[in-house]
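Here is my input; please provide its structure:
(chains A, B, C and D)
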2 protein chains.
Amino acid sequence: MLSIGELSIKTGVKVPTIRYYEQMNLVTAPERSEGNQRRYTTVELERLTFIKHARDLGLKIDAIRELLDLSAHPEQPCADANRIAEDHLSATRKRIAQLQRLEAELMRITEGCHGDSIKDCYVIQSLSDHALCKDTH
Amino acid sequence: MLSIGELSIKTGVKVPTIRYYEQMNLVTAPERSEGNQRRYTTVELERLTFIKHARDLGLKIDAIRELLDLSAHPEQPCADANRIAEDHLSATRKRIAQLQRLEAELMRITEGCHGDSIKDCYVIQSLSDHALCKDTH
DNA sequence: TCTTGATGCTCTAGTCACTAGAGAGATTAT
DNA sequence: ATAATCTCTCTAGTGACTAGAGCATCAAGA
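Got it, this is the predicted structure:
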């Protein structure tokens, strides 16, 4: 039986976050000690590890909830689980591409500034005048 | 004189967002019509364009506030403005690198799944068992 | 047994940058 | 004059936590 603090250390999920997940019904409320403190078993440890891992991969709580529901039905086909992971992969790729465009523009802005007072500052000018942008964004 | 709706169309910032910015003191409260509706001049149009542009680049409101303060003092050196832009550039690069690690792991997970029911699903297994991860994250 | 310090409890409120909706008033076009 | 569209203020909700107050419980040492 683990206390919430021990579970926190084992999973890397902070104590208030564990309580928050319980409130959101992402993990079920565990047994309590005589003094009303939470006591966890390995079942909950595994479930929380799953959640932590999925969160680290950037999956949203709703997606995780769906995956947890799926994993409770081991005889069902796994196409849905794959779809969730693939959707997230494609969203991740889009985000990377977007950030790379921003990176390019930020480089252009910071490298372009050779003035030394604000009135000549390319950073400020670039932000003021959209026409100075190379790409649309 | 522009109404809030016209300003919204010209800048691409939604109407409730403009009012929100006013509440946050990011833009100053404009004049009002006789019937108490907001009326904007080109000064506000330019300022909001600046804000929109900076937000599109992913700058946080606080950073934008700082840049706006800087641009109000044209004789000051522009080192601070450059620093803000460069900080954001380096944060963007870190985020890109992180997302690329996630992309790699998501690819590994989705491509690795050749089972057809949940109990053999590599997606679910990967999330359950951190030891299956190649990299730490 | 007593004490002490760490840990745990619940509850409320704050974060960020908006977004949604209600219900009323203003403006514009016909 | 009327209808359609805007605009007003206000409150509350989003996601995924985080912070803090004020109190209770637990484990270990003296």
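
Quick one: mean pLDDT for the longest helix seen in chain A?
With DSSP state H applied, the helix covering the greatest number of residues in chain A is identified as helix A:79-112. Per-residue confidence for helix A:79-112 averages out to 85 on the pLDDT scale.

So which bits of the one helix or strand in chain A whose mean pLDDT sits lowest are buried?
For chain A, counting by mean pLDDT, DSSP states H and E, helix A:122-128 ranks last in confidence among helices and strands (a mean of 77). Judged by neighbour count (16 or more other CB atoms under 10 Å in any protein chain shown), helix A:122-128 contains these buried residues: A:122-128. C-beta here means a position set from N, CA and C on the backbone, and glycine is covered the same way.

Around whichever residue of chain A sits closest to DNA strand D, how many other residues sit close by?
Going by CB to the nearest atom of the strand, DNA strand D is nearest to residue A:35 of chain A, at 2.1 Å. Close neighbours of residue A:35, defined as other CB atoms under 10 Å in any protein chain shown, add up to 5.

In terms of residue numbering, what are the domains of chain A?
A:4-75, A:80-132 (automatic domain parsing).

So is the last one next to chain B?
Yes - applying CB under 8 Å from any CB of the partner chain, one finds domain A:80-132 touching chain B at A:81-82, A:84-86, A:88-89, A:92-93, A:95-96, A:99-100, A:102-103, A:105-107, A:109-110, A:113, A:115-121, A:123-124, A:126-128, A:130.

List the backbone torsions phi and psi for the spatially most central residue of chain A.
The structure's chain A has its C-alpha centroid closest to residue A:58; by CA atoms, centre = their mean the separation is 3.3 Å. The phi and psi values for residue A:58, taken as degrees, to the nearest 10, are phi 90, psi 10.

Surely it and residue B:102 touch.
Yes - distance between residue A:58 and residue B:102: 5.8 Å, which falls inside the contact criterion (CB atoms under 8 Å).

picking up where we left off before, out of the buried residues of helix A:122-128, which one sits closest to residue B:13?
Compare each of those with residue B:13 using CB to CB and the shortest gap goes to residue A:127, at 14.2 Å.

Get me the contact residues on chain A for DNA strand C.
A:3-6, A:8, A:15-16, A:19, A:36-38 (CB under 7 Å from any atom of the strand).

and those as a markdown table, adding pLDDT, distance to residue A:49 and neighbour count?
Conversion of the residues of chain A next to DNA strand C to a markdown table gives the following (pLDDT from 0 to 100; distance: CB to CB, whole Å; neighbours: other CB atoms under 10 Å in any protein chain shown):
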| residue | pLDDT | distance to residue A:49 | neighbour count |
| --- | --- | --- | --- |
| A:3 | 96 | 17 | 14 |
| A:4 | 96 | 15 | 17 |
| A:5 | 96 | 16 | 12 |
| A:6 | 96 | 13 | 13 |
| A:8 | 95 | 12 | 17 |
| A:15 | 96 | 16 | 14 |
| A:16 | 94 | 18 | 10 |
| A:19 | 95 | 17 | 13 |
| A:36 | 95 | 25 | 6 |
| A:37 | 96 | 21 | 12 |
| A:38 | 97 | 17 | 20 |
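
Among these, which are located in strands?
Using DSSP state E, the members of these that fall within strands are residue A:38.

from chain A, which residue is nearest to DNA strand C?
Closest point on chain A to DNA strand C, by CB to the nearest atom of the strand, is residue A:5, at 2.3 Å.

Find the nearest non-adjacent residue to that residue, please.
Ranked by CB to CB, 6 or more residues apart in numbering or on different chains and with sequence neighbours excluded, the top spatial neighbour of residue A:5 is residue A:15, at 6.2 Å.

if I read this right, the one you found contacts residue A:8, doesn't it?
Yes - Residue A:15 is in contact with residue A:8 according to CB under 8 Å; the separation is 4.8 Å.

so which strand or helix has residue A:75?
Secondary-structure assignment from DSSP states H and E places residue A:75 in no helical or strand segment.

Count the residues that sit near it.
When neighbours are defined as other CB under 10 Å, residue A:75 has 7 of them.

Could you report the distance from it to chain B?
For residue A:75, the distance to chain B equals 6 Å [CB to the nearest CB, to the nearest Å].
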